[in-house]
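Undergrad: need a structure here:
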Amino acid sequence: MEQAIAKAAALIEAMGYIRQFGGKMVVVKLGGSILDDLDLQRKLLTDVAFMATVGMQPIIVHGGGKAITKAMNAAGLEPQWVQGRRYTDERTLRIAEHTLITTTNQPICDMLTELGCSPTGLHTYGSCVLSAEQLRLPGENGRKIDLGLVGQVTEVNGHLIKTLCAAGTIPVIAPIAQDKTGGRLNVNADTAAGKVAAAVGAEKLVMVSDTHGILTDMNDPESRVSSLNEEQIKKMIDDKIITQAMFPKVEACLVALEAGVKKTHIIDGRIPHSLLLEIYTDKGIGTQIVK
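TA: Here you go, the predicted structure:
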């Protein structure tokens with residue numbers, strides 16, 4: 001009986017959030033171990049299906065870096081890294097594009113279909129919603145560092161994404177963009193998610209990662225900060241507390257907030273129902289970043 005009462009109490013707590021977020025778009029960025037573990041992936045996509053069922057409009061942006069590296073190794077290619085980014089030549093791009101679409105995007109769509117949803121894969125094999133230009137990193141003496149066919153997102157087809165959401169479809173976006181000439185460019189999935197959230201005026205951006213959120217001490221999981229604002233985030237970047245893999249996630253959150261997205265979140269996708277706990281409960285379990 002007590003267990004049943006607790007379930008009912010949880011539903012009542014969620015009711016206010018369900019009303020608040022009904023009809024609102026939420027961008028969910030999937031990456032890390034979620035994409036390597038089918039059981040984890042199914043659990044998280046079940047949360048996404050729940051969001052759609054209760055009237056929210058989820059939009060998925062996914063990564064796939066580990067799968068790309070695995071496919072490159074199988075093809076006898078050794079990934080080259082420049083300042084933490086994968087150098088991308090023509091052959092690497094072909095492998096990345098094929099892997100992101102057939103190994104990651106399509107299975108996500110298939111799983112959402114099994115869960116009773118209506119997903120649409122958005123990528124360069126069909127309808128691409130990301131436009132980009134080649135990215136050059138700043139180097140020494142004012143020189144630019146060439147990363148090959150790596151892009152930075154310059155534009156998002158927010159109209160198409162919003163149209164699909166309004167029709168009850170879940171857009172599933174792969175991080176391959178087109179340039180002005182129709183060529184392909186590999187783009188950072190975290191950055192793409194921030195740009196998508198900004199373009200559609202999403203209510204929330206949720207970055208699903210392999211950490212409990214932002215930690216003040218990388219070696220202490222209990223040092224998670226539950227809520228931060230832009231000013232505090234910038235100080236943590238200056239103080240070198242936010243570095244490496246966390247930086248593009250935080251940067252994407254700041255881009256989204258700057259465009260009017262109300263709240264952004266970084267959560268651990270390995271925790272069961274982390275997505276629902278962050279959105280539909282009072283306490284949440286990750287780090288929220290607000291304006």
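Undergrad: which residues touch T124?
TA: By C-beta atoms under 8 Å, 6 or more residues apart in numbering, the contact set of T124 is E97, I101, A174, I176, A177, Q178, R184. All C-beta atoms are positioned from the backbone trio N, CA, C, and that covers glycine.
Undergrad: which one of the residues you listed sits closest to T287?
TA: A174 (26.2 Å; C-beta to C-beta).
Undergrad: quick revisit: quick one: mark the members of the contacts of T124 that sit in helices.
TA: E97 (DSSP state H).
Undergrad: What are the boundaries of the strands in the stretch 1-150 of the chain?
TA: Assigned by DSSP state E, counting those that start in this stretch, the strands in the stretch 1-150 of the chain fall at 25-30, 57-62, 81-82, 85-86, 119-122, 130-138, 144-156.
Undergrad: Run me through the strand neighbours of the first one, direction for each.
TA: Spelled out, that is strand 25-30. strand 57-62 (parallel), strand 204-209 (parallel) (DSSP bridges).
Undergrad: weakest of these by average pLDDT?
TA: Note on the strands paired with strand 25-30: strand 204-209 shows the lowest mean pLDDT, a mean of 92.
Undergrad: Just name the most buried of the strands paired with strand 25-30.
TA: Burial of the strands paired with strand 25-30 is given as mean neighbour count (mean count of other C-beta atoms under 10 Å); strand 204-209 ranks first at a mean of 28.
Undergrad: Distance from that one to the middle of the chain?
TA: On the basis of C-alpha atoms, centre = their mean, to the nearest Å, strand 204-209 sits 6 Å off its chain's mean C-alpha point.
Undergrad: before we move on, the earlier item: could I get the strands of the stretch 1-150 of the chain in JSON lines, plus columns for distance to Q244?
TA: As requested, the strands of the stretch 1-150 of the chain are arranged in JSON lines below (distance: least, C-beta to C-beta, whole Å):
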{"stretch": "strand 25-30", "distance to Q244": "17"}
{"stretch": "strand 57-62", "distance to Q244": "20"}
{"stretch": "strand 81-82", "distance to Q244": "13"}
{"stretch": "strand 85-86", "distance to Q244": "12"}
{"stretch": "strand 119-122", "distance to Q244": "29"}
{"stretch": "strand 130-138", "distance to Q244": "16"}
{"stretch": "strand 144-156", "distance to Q244": "18"}
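Undergrad: Let me know which of those strands is tucked in deepest.
TA: Burial of the strands of the stretch 1-150 of the chain is given as mean neighbour count (mean count of other C-beta under 10 Å); strand 25-30 ranks first at a mean of 28.
Undergrad: Kindly format the C-alpha coordinates of that one as CSV.
TA: The C-alpha trace of strand 25-30 is given here as CSV (Å, rounded to 0.1, in the frame of the first residue of the first chain):
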residue,chain,number,x,y,z
MET,A,25,9.8,22.0,-27.0
VAL,A,26,12.7,20.4,-25.1
VAL,A,27,16.0,19.6,-26.9
VAL,A,28,17.7,16.5,-25.5
LYS,A,29,21.3,15.9,-26.5
LEU,A,30,22.3,12.2,-26.3
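Undergrad: sorry, back to before: neighbour-wise, give me the winner out of the contacts of T124.
TA: Of all the contacts of T124, the highest neighbour tally under other C-beta atoms under 10 Å goes to A174, namely 32 neighbours.
Undergrad: burial count for the closest residue to that one other than its chain neighbours?
TA: Nearest residue to A174 in three dimensions, chain neighbours excluded: H123, at 3.9 Å (C-beta to C-beta, 6 or more residues apart in numbering). Neighbourhood size, H123 [other C-beta under 10 Å]: 22.
Undergrad: can you check Q3 too?
TA: Applying other C-beta under 10 Å, we find 7 residues neighbouring Q3.
Undergrad: Kindly report the same for Q20.
TA: Quick note: Q20 (other C-beta under 10 Å) scores 11 neighbours.
Undergrad: Distance-wise, check it relative to M56.
TA: Applying C-beta to C-beta, to the nearest Å, the value for Q20 to M56 is 10 Å.
Undergrad: For my notes, please list the strands paired with strand 25-30 in CSV and give distance to Q41 for each entry.
TA: Shown next, in CSV, are the strands paired with strand 25-30 (distance: least, C-beta to C-beta, whole Å):
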stretch, distance to Q41
strand 57-62, 10
strand 204-209, 10
